[in-house]
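In: Predicted model and sequence below, questions to follow.
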Amino acid sequence: MKILILSDIHSNYDALKELELNLVNMEYGEIWCLGDVVGYGAEPEKCIEWVRNNCKYVLMGNHDYASFEASQKFLFNEYAKRAIEWTVERLSDVDKAFLENLKMSLHIEGVCLFHSSPSSPEKWEYIFSADEALFNLKFFEEKICFIGHTHIPIIFEFKEEKLKIISPEYRMGKFVYRLDRGAKYIINPGSVGQPRDGDPRLSFCIFDMEYYIIEFFRMEYPVEKAAEKIFKSDLPDFLGDRLFIGR
């Protein structure tokens with residue numbers, strides 16, 4: 001089965017709708033979401049509804065957590081804090097209940113899922129570096145671990161006591177990598193709604209569980225529309241500006 005894996009939508013419904021429009025041309029069986037459905041963007045309600053209707057599994061991200069746990073927002077920077085306060089005012093009780101019932105980790109068919117890190121999912125730690133990846137390898141037994149949180153697509157491959165870092169090199173918006181069944185992996189699909197690798201295109205991946213192939217995708221979406229909705233709201237303009245540069 002092929003699994004479409006996405007993360008960090010961050011209330012960017014324009015990016016999500018563009019993804020949906022392209023799904024008709026893609027082969028996959030289920031959609032799994034690694035968390036942070038809300039935060040930063042201007043349409044949290046629509047994003048929650050889409051995820052609820054389309055994703056087989058959904059994890060809790062730190063922004064999702066902060067939407068019902070007020071103490072968490074004080075861990076955020078100024079922009080994230082203002083955004084989550086704005087978001088909470090617009091969520092229905094049903095939306096908040098959906099986010100509150102999400103789990104921080106899942107183990108499914110030989111694959112494990114975390115929003116942040118296997119070592120401390122509740123502390124919302126990031127995995128950017130080789131050292132951070134190596135440290136986290138001992139906290140899961142499966143061969144493959146999917147994470148989000150950093151908004152950067154990447155593969156950490158550990159084999160024969162060596163770690164290899166693979167950054168997708170896209171051709172026509174696609175990067176294909178055949179995984180090694182003898183290796184162990186931490187894989188980040190990047191962000192649908194707020195990429196931070198210098199590429200403003202939305203990012204996600206498809207994992208072929210049978211043939212052990214991972215495909216990363218980048219797609220253009222109407223950034224101007226998403227940013228304009230932020231500018232017209234009470235959200236910080238910075239959150240709209242950053243969408244244009246993917247940072």
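Out: Received, thanks.

In: contacts, neighbours, all on C-alpha from now
Out: OK.

In: Confirm residue 133 sits in a helix?
Out: Yes: using DSSP: H, G, I helix; E, B strand; the rest coil, the assignment for residue 133 is a helix.

In: tell me the contacts of the nearest residue to it once chain neighbours are set aside?
Out: Once flanking residues are discounted, residue 133 sits nearest to residue 127: 6.0 Å by CA to CA, 6 or more residues apart in numbering. Going by CA atoms under 8 Å, 6 or more residues apart in numbering, residue 127 touches 116-117, 133, 150.

In: Quick one: list the elements packing against the stretch of helix or strand residue 157 belongs to.
Out: Using DSSP states H and E, residue 157 sits within strand 154-159. Packing partners of strand 154-159 (3 or more CA pairs under 8 Å, 6 or more residues apart in numbering; DSSP states H and E): strand 162-166, strand 184-188.

In: between whichever helix or strand comes after the last one and strand 184-188, what angle do the directions make?
Out: Next in sequence after strand 184-188, counting helices and strands by DSSP H and E, comes strand 202-208. Interaxial angle of strand 202-208 relative to strand 184-188 (axes from the mean of the first three to the mean of the last three CA atoms, to 10 degrees): 150 degrees.

In: In its sheet, which strands sit next to strand 202-208, and in what direction?
Out: When sheet partners are counted by DSSP bridges, strand 202-208 sits next to strand 2-6 (antiparallel), strand 213-219 (antiparallel).

In: which residues of the chain fall in helices?
Out: Assigned by DSSP state H, the chain shows helices spanning 13-23, 44-54, 62-66, 78-88, 93-100, 130-137, 223-231, 237-245.

In: thinking again about what came up before, tell me the two of the contacts of residue 127 that are most distant?
Out: Spatial extent of these (CA to CA) is set by the pair 133 and 150 at 12.6 Å.

In: residue with max distance from the center of the protein?
Out: Most distant from the centre of the chain: residue 160, at 28.9 Å, with distances by CA atoms, centre = their mean.

In: Can you name the residues that contact that one?
Out: Contacts of residue 160 by CA under 8 Å, 6+ apart are residue 183.

In: Report the separation between it and residue 212.
Out: Spatial separation of residue 160 from residue 212 under the definition CA to CA, to the nearest Å is 19 Å.

In: Just the CA atoms of stretch 195-213, as CSV, please.
Out: Only the C-alpha atoms of stretch 195-213 are listed here, as CSV (Å, rounded to 0.1, in the frame of the first residue of the first chain):
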residue,chain,number,x,y,z
PRO,A,195,7.9,25.4,4.3
ARG,A,196,11.2,26.5,5.8
ASP,A,197,13.8,25.2,3.5
GLY,A,198,13.9,28.2,1.2
ASP,A,199,11.4,26.7,-1.2
PRO,A,200,7.8,28.2,-0.8
ARG,A,201,6.2,25.2,-2.6
LEU,A,202,4.1,22.9,-0.4
SER,A,203,5.8,19.7,0.5
PHE,A,204,4.7,16.1,1.2
CYS,A,205,5.7,12.5,0.5
ILE,A,206,4.3,9.1,-0.5
PHE,A,207,5.7,6.0,1.0
ASP,A,208,5.3,2.7,-0.9
MET,A,209,5.3,0.1,1.9
GLU,A,210,5.5,-2.8,-0.5
TYR,A,211,8.4,-1.7,-2.7
TYR,A,212,10.1,0.4,0.0
ILE,A,213,10.2,3.6,-2.1
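
In: Tell me the buried residues in it?
Out: Within stretch 195-213, the residues that count as buried by 16 or more other CA atoms under 10 Å are 195-197, 199-208.
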